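Peer 1: need a structure here:
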Amino acid sequence: MNPTIKLDGLDVSAASIAVAVTDSGQARPRYQGAISNPPEAVTQPEALSLSLDSDHRSKPQPHPTEELAGSLSNPTTTATWGSGTVPSHFAWIDFSDTERQRMIDVIRLFRQQDTRDELGIGSIRDGFANHFFPGTSTIQTRAKYMLFVPWIYQALEKRRVPSHRIQAVARRAELRLIDALRKADDTTGVIGIEAGDRLQRLPSAIYWAGLGIWGIRLFPGSQDQYHRSLDGWYARRRNRARDDDGQPIGPEMGENWHPGLPDTPEGWPEEVDLRLTPDEAGYLHERVVGLHRDSLLGFLVDADEYVYADCLWSHPIAGSLPERLREEIIQARSFAETIHGAALLYNLMLSEACADEELIDHYRSALADWSHRMRSLWNELIQWYADLASFWASLPLRVARIPRSTEVFVSEWCRRVFTGPSPDAVVENSVAREMIRQRELRLKRTRARLVNPSALKAWGGASGSARLDYRWYNASTLIEDILDGLHGSPHSPQSEVQ
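Peer 2: Take a look at the predicted model:
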């Protein structure tokens, strides 16, 4: 019997896994056997390895040069994600359905831990992400939830469930949806499949903002405001004047949901899956393209077929986009590449504070890789830095309203990188290190790891060390769902990458 690893509340039965990294330095799992659809991609090259020690602390490991397999056969065994120019690959061995899902949750956990905003640059990241992929978020999983949520609420409105009961009744409906989706062939991205009735954040909360941005939800307020509004909404509809034939007369009543929403499928809600029918996909396509045609999401959803890319700037469509959008992608990439060094240096400083030689070696190696990548892109990056004012004046950042302190920190980091003898010189630059120390202290105050031994002791070995991807993985999942529904696919959504 396989032992169980307990990690941040997750009991994970051990099994063997293997993964390799794409030539861009990012990992995109390709699944074999019982799992044909990847969960969250592991998108941080510097944290593509972990070990599970007896104290259950995740610890990045030095990168090998080729694909390695790791066996989680006991709590002290290391599972390593390799680096190198090889096709993406991920295999699962001897997992039951429940154990596979638990392992997916572990991978998601490590990805979430490694993409936290430790240096206060989240406003820039989100500014570009919202601009490129409006209505998306990092916790959305599949496109069909954009239909599940309004279908549930439309049914409850039809039953005139009162305001004081709507939250509880809707919760029960969303939990029943989990049970229905468990029976489907494709369960990748089912929200709450493990938590079940213990689920805290329901799909309706996860997708509420996106439903409004895509024009599917017409009610203009929050979910709580919507719940509270229903009694009055029912009364206004009930008291509306009608003609002799019973048809309403006078001004149209405000609807809460878009009138073009597709009908619920046959068998709903007991028989349902995550695949979009052509009509459902066509509706979501119309919503996105109709409201956000000029966004990157709009162009990608309007394509003839889904094309895999491991990051948004490597997608084949990038070269044919309008000049404005191409320039914004260059701005986003240049920032992501440059600020990645600050994130890695922060983790190196934490490793040094812990006196952990393995972690020190790991992050020094990661910083050497970062420096090499910076030099390979130097001509493009130095042009970006020479006109940094255009970066700050770009539409995504004007809308995001970047705090002045963030602008000062980022600009000074860029100055250290681009005016020094080489990118790797910043690693030992005392001024750069003090900048990062002061930045963390400003953001976290007494909880800053670099000044608080207790906070440092609780560090998991990787904090915010991932290169920014601007929600690319999550957005591309939704795009693939919609395009597969529109044009058909020999594979299910998030199919293996050849």
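Peer 1: pretty sure Leu381 is touching Ile339, no?
Peer 2: No - using CB atoms under 8 Å, Leu381 is not in contact with Ile339; the gap is 11.6 Å. In this view, the C-beta of every residue, glycine as well, is placed from N, C-alpha and C.
Peer 1: Got the domain ranges for the chain?
Peer 2: 4-114, 118-136+278-498, 145-274 (automatic domain parsing).
Peer 1: now do the same end-to-end measure for stretch 456-469.
Peer 2: 27 Å (CA to CA, to the nearest Å).
Peer 1: Name the nearest residue to Ala400, sequence neighbours excluded.
Peer 2: Gly127 (2.9 Å; CB to CB, 6 or more residues apart in numbering).
Peer 1: Next, count neighbours for that neighbour.
Peer 2: 21 (other CB atoms under 10 Å).
Peer 1: Quickly find the element holding it.
Peer 2: helix 122-132 (DSSP states H and E).
Peer 1: what are the ranges of the strands in this protein?
Peer 2: Here the chain has its strands, by DSSP state E, at 4-7, 10-13, 16-20, 49-51, 68-71, 78-80, 89-92.
Peer 1: so Asn347 touches Ile360, yeah?
Peer 2: No - under the criterion of CB under 8 Å, Asn347 is not in contact with Ile360, lying 9.9 Å apart.
Peer 1: okay, these two: which has more neighbours?
Peer 2: Asn347 (27 against 17).
Peer 1: how much space is there between the more buried one and Pro453?
Peer 2: 17 Å (CB to CB, to the nearest Å).
Peer 1: Could you measure from Ala173 over to Ser405?
Peer 2: The value you get for Ala173 to Ser405, if CB to CB is used, is 44 Å.
Peer 1: hmm, I was thinking of Arg237
Peer 2: 50 Å.
Peer 1: what's the answer for Gly460, then?
Peer 2: 26 Å.
Peer 1: Please apply the same query to Asp179.
Peer 2: From Asp179 over to Ser405 (counting by CB to CB), the distance is 48 Å.
Peer 1: re the thing from before, who has more neighbours, Ala173 and Ser405?
Peer 2: With neighbours defined as other CB under 10 Å, Ala173 and Ser405 compare such that Ala173 has more, 20 against 12.
Peer 1: what about the longest helix in the protein?
Peer 2: Of all the segments of type helix in the chain, defined by DSSP state H, the longest one is helix 323-354.
Peer 1: if I pick the closest residue to Gly260 other than its chain neighbours, what's in contact with it?
Peer 2: Distances taken as CB to CB, 6+ apart place Tyr283 nearest to Gly260, at 6.5 Å, with adjacent residues excluded. Tyr283 is in contact with 147, 260-262, counting by CB atoms under 8 Å, 6 or more residues apart in numbering.
Peer 1: Apply 10 Å and report the result again.
Peer 2: 146-147, 216, 258, 260-262, 276-277, 482, 485 (CB atoms under 10 Å, 6 or more residues apart in numbering).
Peer 1: Below-threshold pLDDT in the stretch 251-400 of the chain: ranges please.
Peer 2: Applying pLDDT under 70 to the stretch 251-400 of the chain picks out residues 251-253.
Peer 1: Please enumerate the helices of it.
Peer 2: 278-292, 296-301, 323-354, 357-376, 378-386, 388-392, 395-400 (DSSP state H, counting those that start in this stretch).
Peer 1: Which positions within the shortest one qualify as buried?
Peer 2: Read that as helix 388-392. Residues of helix 388-392 classed as buried: 388, 391 (neighbour count, 16 or more other CB atoms under 10 Å).
Peer 1: Dump it to CSV, restricted to CA.
Peer 2: Taking Å, rounded to 0.1, in the frame of the first residue of the first chain, the C-alpha atoms of helix 388-392 are listed here in CSV:
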residue,chain,number,x,y,z
LEU,A,388,10.5,53.0,-20.2
ALA,A,389,8.2,56.0,-20.1
SER,A,390,6.2,54.3,-22.9
PHE,A,391,5.8,51.3,-20.7
TRP,A,392,4.4,53.3,-17.8
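Peer 1: Ile329 touches Phe299, doesn't it?
Peer 2: No - Ile329 is beyond contact range of Phe299, at 11.1 Å (criterion: CB atoms under 10 Å).
Peer 1: Return the distance of Ala235 relative to Ser163.
Peer 2: Distance from Ala235 to Ser163, by CB to CB: 11 Å.
Peer 1: Those two: who's more crowded?
Peer 2: Ser163 (15 against 10).
Peer 1: That one contacts Leu230, doesn't it?
Peer 2: Yes - counting by CB under 10 Å, Leu230 is a contact partner of Ser163 at 4.8 Å.
Peer 1: And the residue nearest to Tyr226 when sequence neighbours are not counted, its phi and psi?
Peer 2: Once flanking residues are discounted, Tyr226 sits nearest to Phe219: 4.9 Å by CB to CB, 6+ apart. Phi and psi for Phe219, reported as degrees, to the nearest 10, are phi -60, psi 130.
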